[in-house]
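A.B. asks: Need coordinates for the following:
(one chain, ligands or ions: 1)
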Amino acid sequence: MKSVASAPAKIILFGEHFVVHGTKAILAAIDKRVTVTSSFTENKTIKVNSQLGTFEVPISSSYVEVENEFRPFVYLINQCMQMKMFRDVFYRNVNGLEITIDSDIPIGVGLGSSSACCVAAAASISELFYTRTTLFGNPQQTYLAINAEKTIFPDTSGADCTVCTYGGMIEYPSIEKIDNTFDLNLLIANSMIPHNTKNSVEKVNKFKKNNEDRFSQLCDLENGLINEAITAMKNNNTTTFGLKMSENQKYLEEIQVSNDTLRDMISSLKEISLGTKITGAGDGGCIIALIKDENMDKVPELLGKDKECFSAKLDTKGVVWKIEK
Ligand code: PMV
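C.D. replies: Numbering: from 1, shown residues only. This next block holds a predicted model:
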C-alpha cells in the first residue's frame with residue numbers, strides 16, 4: 001500500500017516578513033507541485049529519497065537527532081507513532097517507512113518548496129498510518145505541517161503551509177479565500193540566487209530591534225496596503241493592484257531584504273509591468289510582476305538569458321491525497 005499526496009508551490013503577493021510580525025498577507029498557490037509517496041517497509045528504518053539525496057535512520061529515531069532537512073519527515077512519523085489512536089491500531093505492526101519526494105518546485109527561491117513538502121508529507125504520512133486522519137480536514141493538516149516546518153524554521157508565520165493546504169488565493173491569517181475575477185497574469189522570475197529564509201527573517205528581526213517605531217509604522221502601512229489591494233481586486237482594478245505591489249516593494253527595500261540583482265530585475269521590467277516585487281524572503285529568490293498579455297513575449301529579453309522566468313497560474317486544489325493498493 002502506498003500513500004501519495006501532493007501540494008502546490010506558492011507566491012506571496014503582499015506581506016512577506018511583516019506577516020511574521022503579525023500583519024496580514026495575501027498568498028496564492030500556483031501550478032507547480034511536490035508529491036510525497038510513503039509506504040511501510042520491513043527494514044526497521046525511516047528512509048527518505050529526494051533530490052537532496054537518500055537518508056536512512058533507525059525507525060526509533062527522534063527528529064531532534066537528525067539532519068535539518070529531514071527533520072520534518074521524522075517529526076511527522078514520530079507524531080503519528082505517538083498518537084494513541086495510531087499506536088493502538090498500528091504501532092506493533094510498523095517496522096519501517098520509505099518516503100519518496102518528487103518535486104517540480106525550485107528549492108530555496110521563495111516559492112515555498114519546503115512548506116509544500118511539509119504539507120504533502122503531513123497528508124501522505126498521516127494517511128498511511130490511518131486512512132481516516134485526513135477527515136479531520138484542512139485545519140488539522142495545516143497544523144501538522146506547520147509544526148513539521150517549525151522543526152527547521154521555528155519562526156515561520158505558517159502562511160506558506162496554510163496556502164499550500166487550502167490552494168487558491170487567501171488572506172492570512174483569516175484564511176479567507178479571495179475570488180480574483182481579473183486575470184492576474186503574474187510572471188515569476190528567478191534571480192538564480194538561492195536564499196535562506198531563516199537568515200533573512202533574522203535580519204529583519206535585527207532591523208525591527210534597531211528601528212522599532214519605523215517598523216511598527218511599516219506594519220500599519222502594510223496592513224492598509226493589503227486592504228487597498230483587496231479592494232482593487234474586487235473592483236477589477238489591475239492598475240491599482242500593480243501600484244500596491246510596487247509600494248510593497250518599497251517597504252521590502254526599507255527592511256533591507258532586496259539587493260542589486262533584484263533591483264536590476266525589477267527595473268528592467270519597469271516599462272512593461274503594472275507592478276513588480278520580491279516574493280518570499282528576498283535576498284535572492286524570485287520576483288513577481290504583473291504584466292499585460294501583449295507584453296509577455298518581451299520579458300525574456302528584458303531580463304537577460306541568465307534568469308529563469310515563467311508565467312504562474314493559480315492552483316485551486318491545494319493538498320490532495322490518495323491511497324494506492
Ligand atoms: O521565501 P519563502 O518561501 O521561505 O517565504 C518566506 C516568507 C516569510 O514571510 C519571510 C517568512 C514566513 O514564515 O512567513
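
A.B. asks: Where do the strands of the protein begin and end?
C.D. replies: Using DSSP state E, the strands of the chain run over 2-14, 25-41, 45-50, 53-58, 96-103, 169-172, 176-177, 186-190, 273-279, 286-291, 308-312, 320-324.

A.B. asks: center of this protein, which residue is that?
C.D. replies: residue 112 (2.6 Å; Cα atoms, centre = their mean).

A.B. asks: thinking it is in contact with residue 118, fair?
C.D. replies: No. Using Cβ atoms under 8 Å, residue 112 is not in contact with residue 118; the gap is 9.6 Å. For the C-beta atoms, the positions are set from N, CA and C on the backbone; glycine is no exception.

A.B. asks: buried residues in stretch 252-271?
C.D. replies: 252-253, 255, 257-259, 261-262, 265-266, 268-269 (16 or more other Cβ atoms under 10 Å).

A.B. asks: That stretch spans what distance, first to last residue?
C.D. replies: Stretch 252-271 has its terminal residues 21 Å apart, counting by Cα to Cα, to the nearest Å.

A.B. asks: again, but for stretch 304-317
C.D. replies: Terminal-residue distance, stretch 304-317 (Cα to Cα): 33 Å.

A.B. asks: Which residues are in contact with residue 163?
C.D. replies: The contact partners of residue 163, taken as Cβ atoms under 8 Å, 6 or more residues apart in numbering, are 10, 27-29, 112, 170, 172, 318.

A.B. asks: and which of those is nearest the ligand?
C.D. replies: Closest approach between the contacts of residue 163 and the ligand, by Cβ to the nearest ligand atom: residue 112, at 4.5 Å.

A.B. asks: how close does that closest one sit to residue 253?
C.D. replies: 22 Å (Cβ to Cβ, to the nearest Å).

A.B. asks: now stretch 203-217, how far from the centre of its chain.
C.D. replies: Centre-to-centre, stretch 203-217 and its host chain are 24 Å apart (Cα atoms, centre = their mean, to the nearest Å).

A.B. asks: With stretch 145-158 instead?
C.D. replies: For stretch 145-158, the distance to the chain centre is 11 Å (Cα atoms, centre = their mean).

A.B. asks: Establish whether it and the ligand are in contact.
C.D. replies: Yes. Stretch 145-158 is in contact with the ligand by Cβ under 6 Å from any ligand atom, via 156-157.

A.B. asks: Buried residues, that stretch. List them.
C.D. replies: 145-153, 156-158.

A.B. asks: which of these sit farthest apart?
C.D. replies: The most widely separated members of those are 151 and 157, with 15.8 Å between them, by Cβ to Cβ.

A.B. asks: For the residue nearest to residue 56 when sequence neighbours are not counted, give the beta-bridge partners.
C.D. replies: What sits nearest to residue 56 in space, not counting adjacent residues and going by Cβ to Cβ, 6 or more residues apart in numbering, is residue 47, at 4.5 Å. Beta-bridge pairing for residue 47 (DSSP bridges): residue 56, residue 98.

A.B. asks: Am I right that residue 14 is in contact with residue 246?
C.D. replies: No. If you go by Cβ under 8 Å, residue 14 and residue 246 don't touch, sitting 11.4 Å apart.

A.B. asks: quick one: which of those two has more around it?
C.D. replies: Shown here are residue 14 and residue 246; by other Cβ atoms under 10 Å, residue 14 has more neighbours (28 against 17).

A.B. asks: What's opposite the more buried one in the beta bridge?
C.D. replies: residue 26.

A.B. asks: show me the contacts for it.
C.D. replies: Per Cβ under 8 Å, 6+ apart, neighbours of residue 14: 24-26, 222, 225-226, 229, 244-245, 248.

A.B. asks: which among those gets closest to the ligand?
C.D. replies: The closest of those to the ligand turns out to be residue 25 (Cβ to the nearest ligand atom; 7.2 Å).

A.B. asks: Do you know the pLDDT at that closest one?
C.D. replies: pLDDT, residue 25: 98.

A.B. asks: This structure against the ligand: which residues are in contact?
C.D. replies: Counting by Cβ under 6 Å from any ligand atom, the chain sits next to the ligand at 16-17, 19-20, 110, 112, 156-157, 159-160, 197, 201, 280-281, 285.

A.B. asks: If we only consider those, which is nearest to residue 102?
C.D. replies: residue 112 (16.2 Å).

A.B. asks: what pairs with the nearest residue to the closest one once chain neighbours are set aside across the strands?
C.D. replies: Of all residues not flanking residue 112 in the chain, residue 10 sits nearest, at 4.0 Å (Cβ to Cβ, 6+ apart). Beta-bridge partners for residue 10, by DSSP bridges, are residue 29.

A.B. asks: pretty sure residue 10 is touching residue 113, no?
C.D. replies: No. Look at residue 10 against residue 113 with Cβ under 8 Å: they stay out of range, at 9.6 Å.

A.B. asks: related to what we said a few turns ago, can you add distance to residue 233 and give the strands of the chain back as CSV?
C.D. replies: As requested, the strands of the chain are exported to CSV (distance: least, Cβ to Cβ, whole Å):
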stretch, distance to residue 233
strand 2-14, 10
strand 25-41, 9
strand 45-50, 36
strand 53-58, 42
strand 96-103, 30
strand 169-172, 9
strand 176-177, 12
strand 186-190, 13
strand 273-279, 12
strand 286-291, 11
strand 308-312, 16
strand 320-324, 26
